[in-house]
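Trainee: Would you be able to build a 3D model of this:
(2 chains)
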Amino acid sequence: MSGGISRRRFVKLLGGAAAAIGLASLGYSLGWFSAGERAVLERSISGESNLERPLVSLVKGRDVNAMVRRAIKAIGGIEALVSPGSRILIKPNVGFNRPEAVTSPEVLRAVIEVIKDADPKEIIVAESAVRGYNTSNNFGVTGIADVVRGLGIRLVDLDKSSEIVKVKTSGKLLGEVSVFKLACDADVIISVPRLKRHSQAIVTISMKNMMGILPSDQKGMFHVLGLQQCIADLNTVFRPDLAIVDATEVMTVSGPGMGRMVPGEAILASRDPVALDLIAAEYLFRLEGNENPLETALNVPHIKLAAELGIGINDPSRIRVVEERVS
Amino acid sequence: MVLGLLFIPLAGSFLSMLPSRRVVRPPGAVDEKLFLELCTRCGICVDACSSEGRGTLEPCGILDGVSMMGTPKVNPLRAPCEARYGICEGRLPCVKSCPTGALRWIEPEEIKLGSVSWSPGRCIAVLGGECLVCAEVCPVPGAITPRNGIPVFHSNRCVGCGRCVYACPADPKALILMPEGERRHHWGRAGFSR
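Mentor: Alright, predicted model coming up:
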């Protein structure tokens, strides 16, 4: 054994290495090395979260641009919410690669133009698509990319961003939720969904739409834990400050990917996502020919659970609905 | 030393006797026997898939069988195949990059890579959870239809894209992509047919 290592020493080294690997894996499983990822943030909700008598506007017509302007004006105008210098995150629903299943580009254009008038510091349009769909591709084939980039606004495919943070919720099932950091950085979150039926959540409107700021694994976890409660829990921290619902063409009967498209010819807006989702769901069920649309909407579990958590109001007698028609 | 050298062909012949797994091939693959002859294991389709597609293709490993090693397979756990209803529809970078004709052009409506196999015992919906993610992400009309909150799979309609397998949040997954019902190119008197 000239210059080499003795058998005894080799065995010792091997034992040492095994012990080191064992300790390292134990440490890893206990989360010693992932301190950065485990940092838990807290997010406070801006604006008046406890509107006692929320306003919901329902504007009917054909001229999308005028309808969006009217709907936002009717609930107090954009200036009440967007102060110059604030950072705005617009969250459309671009979960699929089929135009009928996503927020229509015309509505998104109108919303961006209204917000631009309020002179914010930054506007970002961001989305993370349904698992199994490519967000960037969805942006392209649905025409969202052309509209957003045409207006000179930053369009972000969240799936390509690696920065994920954990945020504490005050919900019942979710202690903390992993989200893309970009969503945390925004001062104002504006949810711009299309009105659709949903196979699991019953309806997908402004609160369900917020699942698009979650990374893929977290989205899956919602289904494992209990989707309806998780949607409500997520909205305790990521409650849209303003929501504008595209009900120009409504997906009824089944969804969220494929369903029967019915002309709704309406735009709904509110600063209370619970009240808005209730009124929008009622509108959807009425289009479906449901005999008790309001009753059915009140029984949508995540709308009810969100109201229980104090995210908004689901008492129809306290919601003021402003119905208008733009010719 | 001599014994050691002898071991190599012995081990090789032993390994090649192990059964090959049936794997899901990329779109436009010729029938399996011919495929194994034509495919040179160059890996160009796998590269094309990762750069121009979503990266669902990967080379088969030794566990798929020695004769299969290096040939491409669809692994929906990496990403769904976008050849039908996706970013590769009408483009097929894997097929276009194949230098030997192991993969041949196939029209979008003829693509069927296989079908999914469902394990109810692992399914969140069956176990009482609020999940129909498979039906939600399925791009094929009528391939997965929910009945009383539980998905029903219609393998005759399934194109085998693997979106549902990829998105299934159950751990372990309640869905596996299988080559059952796959549509391949066959060599006949009039050349290749499907």
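Trainee: Stretch B:42-62: how far from the chain's middle?
Mentor: Counting by CA atoms, centre = their mean, to the nearest Å, stretch B:42-62 is centred 12 Å from the centre of its parent chain.
Trainee: so is the most centrally placed residue in chain A in a helix, a strand, or just coil?
Mentor: Nearest to the mean C-alpha position of chain A, by CA atoms, centre = their mean, lies A:Met210 at 1.3 Å. When classified by DSSP: H, G, I helix; E, B strand; the rest coil, A:Met210 comes out as helix.
Trainee: what about the residue nearest to it when sequence neighbours are not counted, neighbour count?
Mentor: Leaving aside its sequence neighbours, A:Met210 sits nearest to A:Phe238 (CB to CB, 6 or more residues apart in numbering or on different chains; 5.1 Å). Bear in mind the C-beta positions are built from the backbone N, C-alpha and C, glycine included. Neighbourhood size, A:Phe238 [other CB atoms under 10 Å in any protein chain shown]: 25.
Trainee: buried stuff in stretch B:92-105?
Mentor: B:Leu92, B:Pro93, B:Cys94, B:Val95, B:Ser97, B:Cys98, B:Ala102, B:Leu103, B:Arg104 (16 or more other CB atoms under 10 Å in any protein chain shown).
Trainee: Looking at those residues, which are in helices?
Mentor: Members of these lying in helices (criterion: DSSP state H): B:Pro93, B:Cys94, B:Val95, B:Ser97.
Trainee: and of the residues you listed, the nearest to chain A?
Mentor: Nearest to chain A among these is B:Pro93, at 13.8 Å by CB to the nearest CB.
Trainee: quick revisit: settle this for me: the residue nearest to A:Met210 is touching A:Ala186, isn't it.
Mentor: No. At 9.5 Å, A:Phe238 does not count as touching A:Ala186 under the criterion of CB atoms under 8 Å.
Trainee: mean confidence score for stretch B:115-127?
Mentor: On average, the pLDDT along stretch B:115-127 is 96.
Trainee: Show the contacting residues for the residue nearest to the centre of chain A.
Mentor: With contact taken as CB atoms under 8 Å, 6 or more residues apart in numbering or on different chains, A:Met210 is in contact with A:Lys91, A:Ile189, A:Ser191, A:Ile231, A:Leu234, A:Asn235, A:Phe238, A:Arg239, A:Pro240.
Trainee: The last one in helix, strand or coil?
Mentor: Three-state assignment for A:Pro240 (three-state DSSP): coil.
Trainee: For it, give me phi and psi.
Mentor: Dihedral angles of A:Pro240 (phi, psi; degrees, to the nearest 10) stand at phi -60, psi 130.
Trainee: how near is A:Ile279 to A:Arg194?
Mentor: 16 Å (CB to CB, to the nearest Å).
Trainee: Disregarding residues adjacent in the polypeptide, which is nearest to the residue of chain B found nearest chain A?
Mentor: Nearest residue of chain B to chain A, counting by CB to the nearest CB: B:Pro169, 3.1 Å away. Counting by CB to CB, 6+ apart, A:Gly220 is the residue found nearest to B:Pro169 once chain neighbours are left out, at 3.1 Å.
Trainee: repeat for A:Ser191
Mentor: Using CB to CB, 6+ apart, the closest residue to A:Ser191 is A:Pro240 (3.6 Å).
Trainee: what does A:Arg62 give?
Mentor: A:Arg62 sits nearest to A:Glu265 (CB to CB, 6+ apart), 6.3 Å away.
Trainee: three-state assignment of that neighbour?
Mentor: When classified by three-state DSSP, A:Glu265 comes out as strand.
Trainee: What are the phi and psi values at the spatially most central residue of chain B?
Mentor: A centroid search over chain B (CA atoms, centre = their mean) returns B:Val24, at 2.6 Å, as the residue closest to the centre. When read as degrees, to the nearest 10, the backbone of B:Val24 gives phi -90, psi 120.
Trainee: Might you report the residue contacts of it?
Mentor: Contacts of B:Val24 (CB under 8 Å, 6+ apart): B:Lys73, B:Val74, B:Leu113, B:Gly114, B:Gly160, B:Gly162, B:Leu177, B:Met178, B:Pro179, B:Glu182.
Trainee: among these, who's most crowded?
Mentor: B:Gly160 (31 neighbours).
Trainee: Does that one touch B:Cys138 like I think?
Mentor: No. Judged on CB under 8 Å, B:Gly160 makes no contact with B:Cys138 at a distance of 11.5 Å.
Trainee: how far out from the middle of the chain is stretch A:116-133?
Mentor: Average the C-alpha atoms of stretch A:116-133, do the same for its chain, and the two points are 11 Å apart (CA atoms, centre = their mean).
Trainee: List the buried residues for it?
Mentor: Here stretch A:116-133 shows A:116, A:118, A:120, A:123-133 as buried, counting by 16+ other CB under 10 Å.
Trainee: In CSV, list the residues you listed along with distance to A:Leu287.
Mentor: Shown next, in CSV, are the buried residues of stretch A:116-133 (distance: CB to CB, whole Å):
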residue, distance to A:Leu287
A:Lys116, 32
A:Ala118, 32
A:Pro120, 34
A:Ile123, 31
A:Ile124, 32
A:Val125, 28
A:Ala126, 29
A:Glu127, 25
A:Ser128, 29
A:Ala129, 26
A:Val130, 23
A:Arg131, 28
A:Gly132, 28
A:Tyr133, 26
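Trainee: Return the subset of those lying in helices.
Mentor: Per DSSP H, the buried residues of stretch A:116-133 map to helices at A:Lys116.
Trainee: Need the buried residues of stretch A:116-133 in TSV (columns: pLDDT and distance to B:Gly61).
Mentor: Converted to TSV, those look like this (pLDDT from 0 to 100; distance: CB to CB, whole Å):
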residue	pLDDT	distance to B:Gly61
A:Lys116	94	53
A:Ala118	91	57
A:Pro120	95	52
A:Ile123	97	47
A:Ile124	97	42
A:Val125	98	41
A:Ala126	97	38
A:Glu127	97	36
A:Ser128	97	31
A:Ala129	96	30
A:Val130	96	30
A:Arg131	92	26
A:Gly132	91	24
A:Tyr133	95	28
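Trainee: any chance of the buried residues of stretch A:116-133 in JSON lines, with distance to chain B too?
Mentor: Formatted as JSON lines, these follow (distance: CB to the nearest CB, whole Å):
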{"residue": "A:Lys116", "distance to chain B": "31"}
{"residue": "A:Ala118", "distance to chain B": "35"}
{"residue": "A:Pro120", "distance to chain B": "33"}
{"residue": "A:Ile123", "distance to chain B": "27"}
{"residue": "A:Ile124", "distance to chain B": "24"}
{"residue": "A:Val125", "distance to chain B": "20"}
{"residue": "A:Ala126", "distance to chain B": "20"}
{"residue": "A:Glu127", "distance to chain B": "16"}
{"residue": "A:Ser128", "distance to chain B": "13"}
{"residue": "A:Ala129", "distance to chain B": "10"}
{"residue": "A:Val130", "distance to chain B": "6"}
{"residue": "A:Arg131", "distance to chain B": "4"}
{"residue": "A:Gly132", "distance to chain B": "4"}
{"residue": "A:Tyr133", "distance to chain B": "7"}
